[in-house]
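K.L.:
need the 3D shape of this:
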Amino acid sequence: MCGIAGLIHRGSSGDIGAEMTTMLQALKHRGPDSTGFAIYGIPVESDHVMRFKVAEQEDIGKGFEIHQQIKDRKAEVDKRIRSMDVEIVGEEQATEYAYRYRLRFPADDDGGQQRLKRFADYIEDVEGAEILSLGRALELIKDLGDAGIVSEQYDLAGFQGTHAIGHTRMATESDVDIRSAHPYWAYPFNDISVVHNGQLTNYWKFRRALEHRGHRFMSNCDSELIAVYLADRIERGDTLKEAMDRSVGELDGVFTYLVATADSLGMAKDTMAAKPMVLYESDDFVGLASEEVAIRGIMPDEIDTWDPYEGEVKVWQN
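P.N.:
Model prediction:
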């Protein structure tokens with residue numbers, strides 16, 4: 001079943017950590033297995049933020065050996081970062097296995113896509129290491145448990161930013177672990193993330209085509225395919241709206257998805273409109289969710305909501 005939610009402050013910012021936590025907590029009955037946030041903070045000039053993990057939550061408790069492996073993996077990640085002349089200007093440990101780094105690339109390096117790909121590939125070559133996000137604005141956090149548990153664990157309340165998307169997952173076809181949780185980052189593209197409710201029937205066809213174009217996948221989840229598909233189309237010259245319009249015609253199945261970039265929030269529904277989505281829009285704020293209760297959790301005043309129609313694509317700018 002799963003639940004998805006999104007919000008964007010148009011021309012301003014807000015406590016998107018607390019707002020998205022409230023929205024996702026209202027949807028926890030749609031997906032009790034894991035919760036994920038893609039939150040877009042205020043970029044710091046020349047810096048990138050990297051969220052990564054070096055183990056799964058389920059690994060903790062397996063004895064002294066795994067704790068030593070975590071230390072060794074983290075030390076190797078640090079070593080490799082510095083070997084590429086990248087400075088770690090900020091470091092936070094969210095959990096025993098998950099970290100948040102603020103990175104600064106050399107002054108003569110703009111941290112472009114190919115540079116980020118080489119960097120990310122080298123870091124992820126460390127056994128057990130996985131980069132969840134690497135960008136100027138995007139920070140991707142996901143773990144097991146409901147929104148309240150994950151938000152408290154990662155200290156998201158008070159996180160100031162412009163927009164966010166989130167997901168509550170009910171595992172049906174894959175494992176209950178962090179790797180299978182949503183949202184998905186469109187590796188190695190700056191600041192593109194996706195959450196999705198539904199299923200794609202031509203997943204393997206498009207995955208093979210995208211892999212032949214040099215893209216990599218970290219899971220067998222069709223939601224990750226949407227993220228990579230959109231990033232690939234944008235790389236080939238499409239605007240976000242054009243890429244999303246194309247996706248409605250080319251991706252088969254029943255789906256509703258939300259996509260976020262550094263300055264935009266988008267929504268798309270398939271032509272059968274089988275998966276729910278409720279929308280609220282004002283001059284300065286947009287909220288979307290699988291159920292109206294999630295929007296009303298952060299908009300206590302009387303509001304008007306509506307359901308997007310079949311095949312509809314909408315994009316909002318910050």
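
K.L.:
how many residues are close by Tyr154?
P.N.:
Using other CB atoms under 10 Å as the criterion, Tyr154 is surrounded by 22 other residues. No exception for glycine: its C-beta is placed from N, CA and C like everyone else's.

K.L.:
could you do Lys71 as well?
P.N.:
The number of residues packed around Lys71, counting by other CB under 10 Å, is 12.

K.L.:
list the buried residues in the one helix or strand it maps to.
P.N.:
When elements are defined using DSSP states H and E, Lys71 is found to belong to helix 64-83. Along helix 64-83, the positions that meet the burial threshold by neighbour count (16 or more other CB atoms under 10 Å) are 66-67, 69-70, 73-74, 76-77, 80-81.

K.L.:
helices and strands around it, which ones?
P.N.:
strand 87-93, strand 98-104, helix 113-124 (3 or more CB pairs under 8 Å, 6 or more residues apart in numbering; DSSP states H and E).

K.L.:
can you pull the domain assignment for the chain?
P.N.:
The chain resolves into domains spanning 1-43+143-318, 46-136 when parsed by automatic domain parsing.

K.L.:
need the winner for burial among those domains.
P.N.:
Compared across these, domain 1-43+143-318 shows the largest average neighbour count, a mean of 20 (mean count of other CB atoms under 10 Å).

K.L.:
now do it: distance to the chain's middle.
P.N.:
Here domain 1-43+143-318 is found 7 Å from its chain centre; the criterion is CA atoms, centre = their mean, to the nearest Å.

K.L.:
can you pull out the strands in the stretch 101-250 of the chain?
P.N.:
With DSSP state E, counting those that start in this stretch as the criterion, the stretch 101-250 of the chain has strands at 130-135, 138-144, 160-169, 184-185, 193-200.

K.L.:
as CSV, those strands with distance to Glu87 would be great.
P.N.:
Conversion of the strands of the stretch 101-250 of the chain to CSV gives the following (distance: least, CB to CB, whole Å):
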stretch, distance to Glu87
strand 130-135, 15
strand 138-144, 19
strand 160-169, 24
strand 184-185, 22
strand 193-200, 25
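
K.L.:
what sits up against the helix or strand encompassing Tyr280?
P.N.:
Secondary-structure element containing Tyr280, defined by DSSP H and E: strand 278-281. If you take CB atoms under 8 Å, 6 or more residues apart in numbering as the criterion, strand 278-281 is touched by 267, 286-292, 295, 299, 303-308, 314, 316.

K.L.:
just to revisit the earlier point, take the buried residues of helix 64-83 and lay them out in JSON lines including distance to Glu19 and pLDDT.
P.N.:
Listed next are the buried residues of helix 64-83 as JSON lines, based on distance: CB to CB, whole Å; pLDDT from 0 to 100:
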{"residue": "Ile66", "distance to Glu19": "35", "pLDDT": "88"}
{"residue": "His67", "distance to Glu19": "35", "pLDDT": "88"}
{"residue": "Gln69", "distance to Glu19": "37", "pLDDT": "93"}
{"residue": "Ile70", "distance to Glu19": "32", "pLDDT": "94"}
{"residue": "Arg73", "distance to Glu19": "34", "pLDDT": "96"}
{"residue": "Lys74", "distance to Glu19": "31", "pLDDT": "97"}
{"residue": "Glu76", "distance to Glu19": "37", "pLDDT": "98"}
{"residue": "Val77", "distance to Glu19": "32", "pLDDT": "98"}
{"residue": "Arg80", "distance to Glu19": "36", "pLDDT": "98"}
{"residue": "Ile81", "distance to Glu19": "32", "pLDDT": "97"}
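
K.L.:
give the pairing partners of the stretch of helix or strand Leu258 belongs to; include direction for each.
P.N.:
In this structure, Leu258 sits in strand 253-260 according to DSSP H and E. Using DSSP bridges, the neighbouring strands of strand 253-260 in the sheet come out as strand 193-200 (antiparallel), strand 264-269 (antiparallel).
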